[in-house]
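Visitor: kindly return the folded structure for what I paste below:
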Amino acid sequence: MARPAEAPTAWPEGGDGPLYVRIARRIEREIRTGVLRPGDRAPSVRSLSRALGVSMTTVLEAYYRLEDRGYLEARPRSGFFACSPRAQALAEPACSSAEPSPSAVATGRLTIEVLRSLTDPGMVPLGAASAAPDLLPARKLNRIVREVLRELPDHSSRYTFPPGAEDLRRQIARRSYAYGCTFSPDEVVITTGAMEALNLCLRAVARPGDLVAIETPTYFGIIQAIESLGMRALEIPAHPGTGIDLGLLERALSKHAVKACVVMTTCHNPLGSVMSNERKRALVELLGQHAVPLVEDDIFGDLVFDGRRPKAAKAFDRKAQVLLCSSFSKTLAPGFRVGWVQPGRYRAEVERLKYLTTLASASLPQLAVARFLESGGYDRHLRRLRIALADQVQKATDAIARYFPRGTRVTRPMGGYLLWAELPPPVDAIGLYRRAMAERISILPGPVFSATGTFRRHIRLSCGYPWSEEMERAFRTLGRLAVSRA
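Guide: Numbers count the residues shown, from 1 in each chain. The predicted structure is shown next:
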């Protein structure tokens, strides 16, 4: 006999989105974590509406949403029952337990080839980590740009020297509470995207030949930055659910002369993992014991699906040795190239390097983003964006379960819009990438996410574009190409 579930007596976690979406998230989380097991009866519509103080129509909307996504099934005259979607049956990619060893970086040529392929507008965009233009507030930003041009016609007649436009730095500082921090506008340095922030931070804390600890897999831009600066990488395995392996990192710090550590603690690229507050605190304390600065890449942090922005590792920094980097490229306007860094004790050096490298960042995008943030439009935009991205990630995961070969593993991201898939042997990621290119589909092969070119059976897929027949065909084609080599 099915075990009936008790109705929750408190509101679901996460305050963003319509009520039915918030309720659906709560029930989905209970199914994912085993609180509701396949075959268990979900709370009745009437009991849940009473417990939460919402209408029965709202609860029905939540249940219908879960039914569409395969988490619930309706049985005539019996109610709704939990079930296990095909996508949930897919295991997550395996995490390496190998002892880290220093290495030179040697993926530049492949990475450049892959990046060039992403600029082709005729490709189905499963490679580039960017949201669809329709999901971004371009119209409102264009209106703000026109206002700035009208009110400040001479804005372009002078440089906005480091640390950058004061209005923007003030708005970023006002949002620091969401990171679990409190920092002032004077502590923020505006950069040309997060990539410049990462490069400046690495140059501020390390020198050519130095050893930098990084996660594996990790964003290829971090690997390229280390390579371009003549530094060496020490790869520390990262788990799809919990992030960087702190035990392996601790042993590596005791064994090697590490000068810096670069970690994506929230909405990792490509894993989608979010480190818990406890693990973030442990990371900061561990690095602090070894006097190793942490460069924290938080570019996807605003896109956590449940709507509650996690604390940054910076929140646990008591020695001012965490350099927090972010930008508005993934959430607002990639073409504006507006990034920022709170570099802690390294602020003066980061400012100096910024001045020597690019002198200043463009003023118009800074002013436009500052006004957008001041208007309150950013948070409203994020609420809509998170809901859309969570739905797109789920649809892509379902398609992988339908079309990809048996034995495929895929991550279950907690935010962002990226999936990391491990394919069964003998599939080769680079070969699949080239065959997909011939079918006008862009993907990213796993080796670009490692300093040593590992992850030969992994690919990264972007879910930044709304689901469509074209997207369905692309996943079906990728599955066919992978099956033919499995």
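Visitor: how far away is residue 464 from residue 165?
Guide: Relative to residue 165, residue 464 is positioned 28 Å away (Cβ to Cβ, to the nearest Å). Just so you know, the C-beta spots here come from the backbone N, C-alpha and C atoms, and that holds for glycine as well.
Visitor: any idea of the pLDDT on residue 85?
Guide: Note on residue 85: pLDDT of 68.
Visitor: residue 475 sits in which helix or strand?
Guide: Residue 475 belongs to helix 469-483 when assigned by DSSP states H and E.
Visitor: what's that helix packed up against?
Guide: Counting contacts by 3 or more Cβ pairs under 8 Å, 6 or more residues apart in numbering; DSSP states H and E, helix 469-483 packs against strand 124-125, helix 377-403, helix 429-438, strand 441-442.
Visitor: now with 10 Å?
Guide: If you count contacts as 3 or more Cβ pairs under 10 Å, 6 or more residues apart in numbering; DSSP states H and E, helix 469-483 packs onto strand 124-125, helix 377-403, helix 429-438, strand 441-442, strand 458-462.
Visitor: now the third one: how far from the chain's centre is it?
Guide: From the chain centre to the centre of helix 429-438 is a distance of 24 Å (Cα atoms, centre = their mean, to the nearest Å).
Visitor: ok, the fourth one next?
Guide: Its chain's average C-alpha position is 20 Å from that of strand 441-442, according to Cα atoms, centre = their mean.
Visitor: next: the longest one.
Guide: The gap between where helix 377-403 is centred and where its chain is centred comes out at 12 Å by Cα atoms, centre = their mean.
Visitor: now do stretch 451-468
Guide: Relative to its chain's centre, stretch 451-468 lies at 13 Å (Cα atoms, centre = their mean).
Visitor: what mean pLDDT does that stretch get?
Guide: 94.
Visitor: and it, which residues are buried?
Guide: Within stretch 451-468, the residues scored as buried using 16 or more other Cβ atoms under 10 Å are 451-465, 467.
Visitor: kindly report the same for stretch 320-336.
Guide: For stretch 320-336, the neighbour count (16+ other Cβ under 10 Å) marks 321-334, 336 as buried.
Visitor: just give me the closest of the residues you listed to residue 411.
Guide: Of all the buried residues of stretch 320-336, residue 411 sits closest to residue 330, with 17.4 Å by Cβ to Cβ.
Visitor: do you know which of the helices and strands packed on helix 469-483 lies nearest residue 74?
Guide: Nearest to residue 74, of all those, is helix 377-403, at 18.6 Å by Cβ to Cβ.
Visitor: so the closest one versus strand 458-462, what angle?
Guide: 130 degrees (axes from the mean of the first three to the mean of the last three Cα atoms, to 10 degrees).
Visitor: what does the domain assignment say about the chain?
Guide: Here the domain parsing of the chain from automatic domain parsing is 19-84, 137-376.
Visitor: so which of the ones you listed comes closest to residue 420?
Guide: So among the domains of the chain, domain 137-376 is nearest, using Cβ to Cβ, at 4.3 Å.
Visitor: from the chain's centroid, how far away is the closest one?
Guide: On the basis of Cα atoms, centre = their mean, domain 137-376 sits 13 Å off its chain's mean C-alpha point.
Visitor: quick check: mean pLDDT of it?
Guide: Computed over domain 137-376, the mean pLDDT rounds to 96.
Visitor: start to end distance for it?
Guide: Using Cα to Cα, to the nearest Å, the gap from the first to the last residue of domain 137-376 comes to 13 Å.
Visitor: before we move on, back to that, farthest-apart pair in the buried residues of stretch 320-336, please.
Guide: 321 and 333, at 31.0 Å, using Cβ to Cβ across the buried residues of stretch 320-336.
Visitor: quick check on residue 294: phi, psi?
Guide: Residue 294 adopts backbone torsions of phi -110, psi 120, taken as degrees, to the nearest 10.
Visitor: do the same with residue 72
Guide: phi -130, psi 150.
Visitor: the chain should start at 132 in everything you say after this.
Guide: Done: numbering now begins at 132, and the last item shifts to residue 203.
Visitor: that one touches residue 155, doesn't it?
Guide: Yes - using Cβ atoms under 10 Å, residue 203 is in contact with residue 155, at 9.3 Å.
Visitor: what pairs with the lengthiest strand in the chain, parallel or antiparallel?
Guide: In the chain, taking DSSP state E as the definition, the longest strand is strand 363-370. Strand 363-370 has the following strand partners under DSSP bridges: strand 233-234 (antiparallel), strand 342-347 (parallel), strand 374-375 (antiparallel).
Visitor: quick check: next helix or strand after the second one?
Guide: The C-terminal neighbour of strand 342-347 among helices and strands, as given by DSSP H and E, is helix 351-359.
Visitor: quick one: list the elements packing against that next one.
Guide: Helix 351-359 sits against helix 239-248, helix 324-336, strand 342-347, strand 363-370, strand 389-394, strand 425-428, with contacts defined as 3+ Cβ pairs under 10 Å, 6+ apart.
Visitor: can I get those in JSON lines with mean neighbour count?
Guide: Supplementary listing: those in JSON lines, determined by neighbours: other Cβ atoms under 10 Å:
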{"stretch": "helix 239-248", "mean neighbour count": "15"}
{"stretch": "helix 324-336", "mean neighbour count": "25"}
{"stretch": "strand 342-347", "mean neighbour count": "24"}
{"stretch": "strand 363-370", "mean neighbour count": "22"}
{"stretch": "strand 389-394", "mean neighbour count": "24"}
{"stretch": "strand 425-428", "mean neighbour count": "28"}
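Visitor: can I get the ones you listed in a markdown table with distance to residue 446?
Guide: A markdown table is the format used below for the helices and strands packed on helix 351-359 (distance: least, Cβ to Cβ, whole Å):
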| stretch | distance to residue 446 |
| --- | --- |
| helix 239-248 | 32 |
| helix 324-336 | 18 |
| strand 342-347 | 20 |
| strand 363-370 | 20 |
| strand 389-394 | 14 |
| strand 425-428 | 10 |
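Visitor: residue 279: which of those is closest?
Guide: helix 324-336 (20.0 Å).
Visitor: relative to helix 351-359, how tilted is the closest one?
Guide: 40 degrees.
Visitor: which strands or helices does helix 324-336 pack on?
Guide: Applying 3+ Cβ pairs under 10 Å, 6+ apart, one finds that helix 324-336 contacts strand 320-323, helix 351-359, strand 389-394, strand 425-428, strand 453-458, strand 469-473, helix 478-489.
Visitor: contact partners of the longest one?
Guide: Going back to what we said before, that points to helix 478-489. 290, 292-295, 317-323, 327-328, 330-336, 451, 454, 472-475, 477, 491-492 (Cβ atoms under 10 Å, 6 or more residues apart in numbering).
Visitor: go with 8 Å
Guide: Here helix 478-489 makes contact (Cβ atoms under 8 Å, 6 or more residues apart in numbering) with 292-294, 318, 320, 322-323, 327, 330-332, 334-335, 454, 472, 474.
Visitor: state the pair within the residues you listed that is farthest apart.
Guide: Using Cβ to Cβ, the contacts of helix 478-489 span at most 20.3 Å, a distance reached by 292 and 454.
Visitor: list the contacts for residue 280?
Guide: 286, 495 are the contacts of residue 280 under Cβ under 8 Å, 6+ apart.
Visitor: surely it is within a strand?
Guide: No - assigned with DSSP: H, G, I helix; E, B strand; the rest coil, residue 280 falls outside any strand and is helix.
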